[in-house]
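Engineer: have a look; sequence and predicted model below, questions after that.
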Amino acid sequence: MGASYRDLLAEIDAWFRSVQERHGGWMKCGSGCSDCCHGVFDLGPHDVAIVRDAYRALPAEARAIVRAEARRQTDALGLEPPYELEGMSEAAIDALAEKLGPVACPLLDPGGRCRIYAERPSTCRFMGLPLVDAEDGVVHAEWCFRNFEGTDALKLPGLAFGYHSWEEDVDALPPPPGPRSTFIACAILSADEPPVRRVYNPPLP
């Protein structure tokens, strides 16, 4: 059996820890710091499933709070079930994200901590650091403004991650039921919707 999606998420966590162990003196990432938890971004199907399951596992009171905030965001975006962004252009998705602005993630608690931290999406796990592919070089050259103050993180050793091969491993996994691409708020609301079953067509060799 090949790697599961959670195995692949663990690879990101191991990479992030290795960077912290090597360059932690330059980094401010920690519990309660939520600067990177503002603004919306689209999720792939595996992250959608992770978020949905984690939301369902929250206590009822927390679910109600999270759902109410998710509803406010989807109403502001004008999105309705099945909350599917697949088929939209990247420009259209970016325009929706800009429309909502730097709104806090619905899953943040009052202390700025993620309610589903152990089950957070891959994008959240990559946040804070520049992303440098081990073979292809810089994927994106941005990082948290609190990290690496006074230095160029791209010049530090030990930042490389096999991002493109990681993406290929994700693409090889059968997609779970539910939206293939959507925002976190939409993933939360879709958790109470009947699942949509899809036929899996594995990628050609």
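Structural biologist: Good, I have the coordinates. Residues are numbered from 1 along each chain as shown.

Engineer: tell me where the chain has strands.
Structural biologist: In chain order, the chain shows strands spanning 42-43, 131-133, 137-140, 160-161, 182-183, with DSSP state E as the criterion.

Engineer: looking at the ones you listed, which is closest to Asp13?
Structural biologist: With Cβ to Cβ as the measure, strand 160-161 is the member of the strands of the chain nearest Asp13 (11.2 Å). C-beta coordinates here come from the backbone N, C-alpha and C atoms, glycine included.

Engineer: avg pLDDT for that closest one?
Structural biologist: Average pLDDT, strand 160-161: 96.

Engineer: quick one: residues in contact with it.
Structural biologist: Contacts made with strand 160-161 from outside it, assessed by Cβ atoms under 8 Å, 6 or more residues apart in numbering, are listed as 12, 15, 131-134.

Engineer: okay if I get the residues you listed as a markdown table plus distance to Arg72, neighbour count and pLDDT?
Structural biologist: Converted to a markdown table, the contacts of strand 160-161 look like this (distance: Cβ to Cβ, whole Å; neighbours: other Cβ atoms under 10 Å; pLDDT from 0 to 100):
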| residue | distance to Arg72 | neighbour count | pLDDT |
| --- | --- | --- | --- |
| Ile12 | 30 | 17 | 97 |
| Trp15 | 34 | 22 | 97 |
| Leu131 | 31 | 17 | 94 |
| Val132 | 37 | 19 | 94 |
| Asp133 | 37 | 16 | 94 |
| Ala134 | 41 | 14 | 91 |
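
Engineer: dump those into a markdown table; add distance to Thr74 as well.
Structural biologist: What follows is the contacts of strand 160-161, written out as a markdown table (distance: Cβ to Cβ, whole Å):
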| residue | distance to Thr74 |
| --- | --- |
| Ile12 | 27 |
| Trp15 | 32 |
| Leu131 | 28 |
| Val132 | 34 |
| Asp133 | 34 |
| Ala134 | 37 |
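
Engineer: which among those residues gets closest to Ala57?
Structural biologist: Checking the contacts of strand 160-161 one by one against Ala57 (Cβ to Cβ), the nearest turns out to be Ile12, at 21.2 Å.

Engineer: buried ones in the lowest-mean-pLDDT helix or strand in the chain?
Structural biologist: Taking mean pLDDT, DSSP states H and E as the measure, the helices and strands of the chain show their lowest mean at helix 90-100, namely a mean of 91. Residues of helix 90-100 classed as buried under the neighbour-count rule (16 or more other Cβ atoms under 10 Å) are 93, 96-97, 100.

Engineer: can you pull out the helices in this structure?
Structural biologist: Assigned by DSSP state H, the helices in the chain fall at 5-23, 45-56, 60-77, 90-100, 122-126, 163-171, 184-190.

Engineer: between the ones you listed, which gets nearest to Gly32?
Structural biologist: Nearest to Gly32, of the helices of the chain and by Cβ to Cβ, is helix 122-126 at 14.9 Å.

Engineer: please name every helix or strand in contact with that closest one.
Structural biologist: In terms of contacts (3 or more Cβ pairs under 8 Å, 6 or more residues apart in numbering; DSSP states H and E), helix 122-126 is packed against helix 5-23, helix 45-56.
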